[in-house]
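Colleague: Need coordinates for the below:
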Amino acid sequence: EVQFVESGGGLVQAGGSLRLSCAASGLNFDDYVIGWFRQAPGKEREGVSCISSSDGRTCYADSVKGRFTISSDNAKNTVYLQMNSLKPEDTAVYYCAAAVEGVPFYEMPIYEYNYWGQGTQVTVSS
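Modeller: Numbers count the residues shown, from 1 in each chain. Coordinates of the predicted model:
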């Protein structure tokens, strides 16, 4: 059974930082692209960042480039999202998810991500 355990969310003031973690079990990390998505109230879920554990490629949404950094620790089957210079518009539930390697990478198509975590709330106050 594939499982993700997300942690690291919370309440932070604008300009602050948070580090999200996504610990995966039940899958071979090297066979998957791991992505971070977010969903704000009343909005569609959107791709934030992704990483290929096999070759280290990364992708970022334009809205987070230069502020967020994704990384992975393959020995721990864990992916991290370091979020700096947070803005109120970053407020959302953040989810990690997995897609099989070979799917379109930079587009982060939600329908290709088959395994999802439960989400962690990030709230940025102004």
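
Colleague: Show me what counts as buried in stretch 112-119.
Modeller: 112-113, 115-117, 119 (16 or more other Cβ atoms under 10 Å). For every residue, glycine as well, the C-beta is placed using N, CA and C.

Colleague: among those, which are in helices?
Modeller: If you go by DSSP state H, those have nothing in helices.

Colleague: so residue 86 makes contact with residue 19?
Modeller: No - using Cβ atoms under 8 Å, residue 86 makes no contact with residue 19, being 11.3 Å away.

Colleague: who's more crowded, the two?
Modeller: Higher neighbour count among residue 86 and residue 19: residue 86, with 22 against 14, using other Cβ atoms under 10 Å.

Colleague: tell me the secondary structure for the closest residue to the more buried one other than its chain neighbours?
Modeller: Spatial nearest neighbour of residue 86, excluding adjacent residues (Cβ to Cβ, 6 or more residues apart in numbering): residue 124 at 4.6 Å. With DSSP: H, G, I helix; E, B strand; the rest coil as the basis, residue 124 sits in strand.

Colleague: State whether residue 124 and residue 13 are indeed in contact, as I suppose.
Modeller: Yes - if you go by Cβ under 8 Å, residue 124 and residue 13 touch, sitting 7.3 Å apart.

Colleague: neighbour count winner among the two?
Modeller: For residue 124 versus residue 13, the count of surrounding residues by other Cβ under 10 Å is larger for residue 124: 20 against 10.

Colleague: ok, the more buried one - contacts?
Modeller: The contact partners of residue 124, by Cβ atoms under 8 Å, 6 or more residues apart in numbering, come to 11-14, 16, 86-91.

Colleague: And the helices in the chain?
Modeller: Assigned by DSSP H, the chain shows no helices.

Colleague: ranges for the strands of it?
Modeller: Ranges of strands within the chain are 3-7, 10-13, 18-25, 32-39, 46-52, 58-60, 68-73, 78-83, 92-100, 113-116, 120-125, based on DSSP state E.
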